[in-house]
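Novice: coordinates only, sequence not included:
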């Protein structure tokens, strides 16, 4: 059978997944006999298994919608409908973002939050097949797997609700619908708006090419647009009367590129020119360059950002243009939490990863082949089915996430599960294909189970919540949260 996730065969994929999950459930029963999963945790895990068909359909829907950040109308509405149908109270359109929402069930403390994302990336539309072919020409695609991310978060929240009902657990489960993660927007503005202020613990996850907890950090990031304004003129007849905004952009970029030699090795500055003029015979009166500036710590980011600002001002002086600076968002590095990481790792181990079929491994090998042929990359395995150790999980990612800002205010723990072929590059068409196939679907259901079991244990075990808070207090005591977003600024209406 082909493992391509097309609608006409998705039910066959579902049958295979359910067979696998039944095996996982049998194995889980053996694990439970050793005390690794309580009865209430078993209830939550079983609920995910029973909902597998519906969850797979949710992933397929969001995968097909492929909506970019702040425009995830259908995706967020689907999640909201599922939550309301199951008895959750939902606040939609929170924090001045139409696709942001907060869903709650239960009452009292502790309040445990799970994060959902559902935005796609532009220009990465891809069918769920093992070679490059767009689903919609020029369209977006879930190259970071957020169709699955939102789906598993939904499945976990619904499963926790089932455990609360059946076992009369005290506490509140919240699902946070956070838009535009790919540009680091949603969670930051929701945080500044107070949406997380009474949260005790926050859990998150992300599709990956391996399974582990997130015990490392990430890079801080500021997303900022520099717009230069000048005067238009005929570029051949009267160039002396023109003031070129594009010249300012190019001079700024040159300055930043010379800056690279004199920053720490962890620093990153990358940019795209999103407005460079209309045509060559008109001196561009307006030009905009969009920058991401990153560093391992927010303190270093602030220093680098001030330098980039000075370079932009210098470019404006050199070209006699006017400069406008627009900070869209500011992401802090992730602060890990040892007790939460240990908890999640135990649940991943107790439940056990899904097994991938020979056909899925062949599909993964075909996904890898273009990278081998064109770029000489090496892939020791097709799919990484291991649960990596906590020691292996301590390395920091080179990416950035707005989850980091939450972790500066609330004890936060996260996990990854295998949803992609081993070694898939991030933000690639290969990831789009995998998250839309049975490979991704197995990882999604596994993540939902691990999140649900972890959340239930936090509801059952006040001492664990206390330990997580103590670890958080120790890590945060010498840090001061500073945001580069102007006070009172509302989120952008759209990103591009």
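Specialist: Structure received. Please read all numbers here as calculations on a predicted model, not as lab measurements.

Novice: nearest spatial neighbour of residue 326, skipping sequence neighbours?
Specialist: residue 225 (4.5 Å; Cβ to Cβ, 6 or more residues apart in numbering). Using the backbone N, CA and C atoms, a C-beta is placed for each residue, glycine as well.

Novice: Could you give the average pLDDT over the helix or strand hosting residue 348?
Specialist: Using DSSP states H and E, residue 348 sits within helix 338-351. In this model, helix 338-351 has a mean pLDDT of 98.

Novice: One more: stretch 407-420?
Specialist: pLDDT averaged over stretch 407-420 gives 98.

Novice: and the residue nearest to residue 326, what pLDDT?
Specialist: For residue 225, the predicted pLDDT is 98.

Novice: In a strand, it, correct?
Specialist: Yes - secondary structure of residue 225 (DSSP: H, G, I helix; E, B strand; the rest coil): part of a strand.

Novice: coming back round to it: figure out how far the helix holding residue 348 is from the centre of its chain.
Specialist: Put simply, helix 338-351 sits 20 Å off its chain's centre (Cα atoms, centre = their mean, to the nearest Å).

Novice: name the helices or strands packed onto that helix?
Specialist: Helix 338-351 sits against helix 10-32, strand 201-208, strand 212-213, strand 412-418, helix 438-460, helix 462-476, with contacts defined as 3 or more Cβ pairs under 8 Å, 6 or more residues apart in numbering; DSSP states H and E.

Novice: next SSE after the first one?
Specialist: To tie it back to what came earlier, the one meant is helix 10-32. Taking DSSP H and E, what comes next after helix 10-32 is helix 39-50.

Novice: how big is the angle separating that next one from helix 438-460?
Specialist: 160 degrees (axes from the mean of the first three to the mean of the last three Cα atoms, to 10 degrees).

Novice: elements contacting the next helix or strand after helix 39-50?
Specialist: Scanning forward in sequence from helix 39-50 by DSSP H and E, the next helix or strand is helix 52-65. In terms of contacts (3+ Cβ pairs under 8 Å, 6+ apart), helix 52-65 is packed against helix 10-32, helix 73-85, helix 146-167, helix 429-435, helix 438-460.

Novice: Mind checking these for the one nearest to residue 496?
Specialist: helix 73-85 (16.1 Å; Cβ to Cβ).

Novice: hmm, who's touching the closest one?
Specialist: Contact partners of helix 73-85, identified using Cβ atoms under 8 Å, 6 or more residues apart in numbering, comprise 54, 58, 61-62, 65, 67, 90, 92, 98-101, 103, 116, 118-119, 147, 150, 154, 157-158, 175, 177, 179.

Novice: hmm, try it at 6 Å
Specialist: 61-62, 65, 67, 90, 92, 99, 101, 103, 118, 150, 154, 177 (Cβ atoms under 6 Å, 6 or more residues apart in numbering).

Novice: Could you do stretch 135-145 as well?
Specialist: Taking Cβ under 6 Å, 6+ apart as the rule, stretch 135-145 contacts 63, 66, 68, 120-122, 124-127, 207, 419, 427-428, 431-432, 435.

Novice: Just the helices from the stretch 251-400 of the chain, written as ranges.
Specialist: 298-319, 338-351, 358-375 (DSSP state H, counting those that start in this stretch).

Novice: what angle do the helix holding residue 348 and strand 412-418 make?
Specialist: 30 degrees.

Novice: Identify the residues contacting helix 338-351?
Specialist: Contacts of helix 338-351 (Cβ under 6 Å, 6+ apart): 28, 31, 36-37, 213, 215, 387, 390, 413, 415, 449-450, 453-454, 467-468, 471.

Novice: Quick check, residue 268 in contact with residue 295.
Specialist: No - counting by Cβ atoms under 6 Å, residue 268 sits too far from residue 295 to count as a contact (7.5 Å).

Novice: Those two: which is more packed in?
Specialist: residue 295 (24 against 19; other Cβ atoms under 10 Å).

Novice: tell me the contacts of the residue nearest the centre of the chain?
Specialist: For the chain, residue 181 is the residue whose C-alpha lies nearest the centre (Cα atoms, centre = their mean; 5.5 Å). Listed by Cβ under 6 Å, 6+ apart, the contact partners of residue 181 are 117, 119.

Novice: again with residue 265
Specialist: So residue 265 contacts nothing (Cβ under 6 Å, 6+ apart).

Novice: Now do the same for it: its pLDDT.
Specialist: pLDDT, read off for residue 265, is 95.

Novice: again, but for residue 36
Specialist: 88.

Novice: Who are the contact partners of it?
Specialist: Counted by Cβ under 6 Å, 6+ apart, residue 36 has contacts residue 350.

Novice: Repeat the analysis, applying 7 Å as the threshold.
Specialist: 346, 350 (Cβ atoms under 7 Å, 6 or more residues apart in numbering).

Novice: any idea how far the residue nearest to the centre of the chain lies from residue 90?
Specialist: 20 Å (Cβ to Cβ, to the nearest Å).

Novice: For the helices and strands packed on helix 52-65, give me JSON lines that also has mean pLDDT and mean neighbour count.
Specialist: JSON lines is the format used below for these (pLDDT from 0 to 100; neighbours: other Cβ atoms under 10 Å):
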{"stretch": "helix 10-32", "mean pLDDT": "44", "mean neighbour count": "16"}
{"stretch": "helix 73-85", "mean pLDDT": "98", "mean neighbour count": "19"}
{"stretch": "helix 146-167", "mean pLDDT": "98", "mean neighbour count": "27"}
{"stretch": "helix 429-435", "mean pLDDT": "98", "mean neighbour count": "29"}
{"stretch": "helix 438-460", "mean pLDDT": "98", "mean neighbour count": "28"}
